[in-house]
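S.K.: Build me a model from this:
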Amino acid sequence: MNIIENLWLNRILPVIRETFFDERIYSLPFSKQFFESFKNFFKLSKFEFVRNLMPEFDPDKTNISWIPINKKIEGKKEIALPEEILGKLIEKAKHRVIVNFCGCRSASSCKNYSSDIGCLMMGESALLIPGKSSREVGVEEAKAHVRKAIDLGLVPITGKARIDNDIFMIPDEGKLLTVCFCCECCCITRFTRYLPPDLMDKLHHPVEGLSIEVTDACVGCGKCVNKCYLRAIEIQNDKAVIGTMCRVCGRCAMICPTKAIKLKLNNDRAVEDVVNRIESVVNFN
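M.R.: Numbers count the residues shown, from 1 in each chain. Below you'll find the model as predicted:
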């Protein structure tokens, strides 16, 4: 490490991080415009030369999954995907850090969900998040945080998310595991709908073996269309049709008034497969 790099990493960047990663900053009026501008960043991904330049679009640096919170998933009996998957990750993690606020919801003044349910970050790099805005916790408190978020209807997304290194101003050393609790109205991940489908498939993975279907009980009411923040659903001939951009987050199944959308798990090792995949891309334990 040369003198300039050392100065940046150990003197300047920590000051910037301490100054700007603060809920008061995220709550300022310009913060909403800043977060909204990320949609333009994701739109740039359609240009291949941009993909090659930006680490956020590198499949080796981003590998994440939405974990549906629906209680009724056909297939393996009595599976609670978020609790089982996140529980194993929490138990394996060397460090667990709860962020005291959600930057997306704070910046957007979210009216649907509480902004005090922040991300759960794990791994050595999580300790770089300023202490005034976070706290290191044990296994049980981390699990309780997950349960609280799920009970509020927030859908967890977990894995290695390179963009979080930018948001938290943490150098990417492959030691930061994200568990973000996403709302459909404010979360920055809603802008991944602008990714080209082939890139989406490389970065955002449905839970292994998890599928979704629309049954004949669908009446074409369109409520699922409004709930899907990836815009992966449309109404055709009075029936919901789920497109290839779907990541099987399960929000549509939660909102469907006729219970016409079903999730099915055809993988008895789904929990182990997700955990193993995440362990292969991020060093958090």
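
S.K.: nearest spatial neighbour of Cys186, skipping sequence neighbours?
M.R.: Nearest residue to Cys186 in three dimensions, chain neighbours excluded: Ser108, at 4.0 Å (CB to CB, 6 or more residues apart in numbering). The way it works is simple: take the backbone N, C-alpha and C, and place the C-beta from them, glycine included.

S.K.: And that neighbour, how close does it get to Phe101?
M.R.: 12 Å (CB to CB, to the nearest Å).

S.K.: Same question for Lys43.
M.R.: Separation of Lys43 from Phe101 (CB to CB) stands at 27 Å.

S.K.: which residues are in contact with stretch 97-104?
M.R.: Contacting residues not belonging to stretch 97-104 are listed as 23, 26, 31, 35, 110, 115-122, 126-127, 129, 133-137, 141-142, 145, 167, 181, 183, 186-188 [CB atoms under 8 Å, 6 or more residues apart in numbering].

S.K.: again, only using 7 Å
M.R.: Contacts with stretch 97-104, where a contact means CB atoms under 7 Å, 6 or more residues apart in numbering, come from 23, 26, 35, 115-121, 126-127, 129, 133-137, 142, 145, 167, 186-188.

S.K.: Weed out the non-buried ones from these.
M.R.: 23, 26, 35, 115, 117-121, 126-127, 129, 133-134, 137, 142, 145, 167, 186-188 (16 or more other CB atoms under 10 Å).

S.K.: which residues of the stretch 101-250 of the chain fall in helices?
M.R.: 103-108, 139-151, 162-167, 197-203, 223-227 (DSSP state H, counting those that start in this stretch).

S.K.: Quick check, pLDDT for the residue nearest to Asn285 when sequence neighbours are not counted.
M.R.: Nearest-residue entry for Asn285: Lys92, 4.4 Å, with adjacent residues in sequence omitted and distances by CB to CB, 6+ apart. We have a pLDDT of 97 for Lys92.

S.K.: and what of Glu5?
M.R.: Reported pLDDT for Glu5: 82.

S.K.: How about the one 5 residues further on?
M.R.: Per-residue confidence (pLDDT) for Asn10: 85.

S.K.: try Ala80
M.R.: With respect to pLDDT, Ala80 has a value of 66.

S.K.: swap in Met1?
M.R.: Reading off the model, Met1 has pLDDT 66.

S.K.: contact partners of the helix or strand encompassing Asp273?
M.R.: Element membership for Asp273, per DSSP states H and E: helix 270-281. The contact list for helix 270-281, computed with CB under 7 Å, 6+ apart, reads 63, 65, 84-85, 88-89, 158-160, 177, 207-210, 267.

S.K.: If we use 10 Å, what do you get?
M.R.: Helix 270-281 is touched from outside by 59-65, 67, 73, 75-76, 79-81, 83-89, 92, 158-160, 174, 177-178, 205-210, 265, 267, 269, 284-285, with contacts defined as CB atoms under 10 Å, 6 or more residues apart in numbering.

S.K.: quick one on the thing from earlier: in strands, which of the contacts of stretch 97-104 fall?
M.R.: The strands, defined by DSSP state E, take in 120-121, 134-136 from the contacts of stretch 97-104.

S.K.: In CSV, list those along with distance to Leu53.
M.R.: Listed next are those as CSV, based on distance: CB to CB, whole Å:
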residue, distance to Leu53
Leu120, 30
Met121, 26
Ser134, 31
Arg135, 36
Glu136, 35
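
S.K.: any idea how the protein splits into domains?
M.R.: As given by automatic domain parsing, the domain ranges for the chain are 3-199+268-281, 210-265.

S.K.: Report the central residue of the chain.
M.R.: Ile157 (3.2 Å; CA atoms, centre = their mean).

S.K.: List the beta-bridge partners for it.
M.R.: Beta-bridge pairing for Ile157 (DSSP bridges): Trp66, Cys180.

S.K.: okay, it: pLDDT?
M.R.: 96.

S.K.: dump the residue contacts of the nearest residue to Gly220 once chain neighbours are set aside.
M.R.: Take Gly220 and drop its neighbours on the chain: the residue closest to it by CB to CB, 6+ apart is Asp238, 3.7 Å away. Residues near Asp238 by CB under 10 Å, 6+ apart: 218-222.

S.K.: which of the residues in the helix or strand in which Glu18 is found are buried?
M.R.: Secondary structure from DSSP H and E places Glu18 in helix 13-20. For helix 13-20, the neighbour count (16+ other CB under 10 Å) marks Arg17 as buried.

S.K.: Thank you kindly, that will do.
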